[in-house]
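> Here's a sequence, model it:
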Amino acid sequence: MSNEKPSRFEKNVSGDFYTTGDCLACDAPESEARDLLAPLEGGNYDTYFIKQPETPEEIERACCALEVCCVAALRYGDKNPNIIRRLGNNPEYCDYLLPD
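Model prediction:
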């Protein structure tokens, strides 16, 4: 497995959760985290974070958005073990994994 991390889509706000720009604009991630992801309206067909989650509820919505993305275009890029465990320690969602 490569240690190379996916590229962050330039429209994302700075922070731990991000998108790669490869989303299919199906609205599934946005449905999970409407307050965190840009709406697919007004000619916008790009999925990206407009706000980073801060509360436990927002973090949960962000994690749910990652999990419903059918092309794994939403990611978690930091090392918080609780969030990594919540995401199943899965390389499809996490840039860093916990040791076995």
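> use CA for all of it now, contacts and neighbours both
Noted.
> Can you mark which positions in the helix ranked longest in the chain are buried?
When the chain is scanned for its longest helix (criterion: DSSP state H), the result is helix 56-68. Of the residues in helix 56-68, those with enough neighbours to count as buried (16 or more other Cα atoms under 10 Å) are 58-68.
> For it, give the mean pLDDT please.
Rounded to a whole number, the mean pLDDT of helix 56-68 is 98.
> Where does Y18 sit, in terms of helix or strand?
Assignment of secondary structure by DSSP states H and E places Y18 within strand 17-19.
> Check which helices and strands the longest helix of the chain sits against.
Contacts of helix 56-68 with other secondary structure elements, assessed using 3 or more Cα pairs under 8 Å, 6 or more residues apart in numbering; DSSP states H and E, are made with helix 28-32, strand 74-76.
> gap between V13 and E57?
Taken as Cα to Cα, to the nearest Å, the spacing of V13 relative to E57 amounts to 19 Å.
> Setting aside sequence neighbours, what's the nearest residue to A72?
Of all residues not flanking A72 in the chain, E92 sits nearest, at 5.9 Å (Cα to Cα, 6 or more residues apart in numbering).
> what's the answer for A62, then?
The spatially closest residue to A62, leaving aside those adjacent along the chain, is A33, at 6.0 Å (Cα to Cα, 6+ apart).
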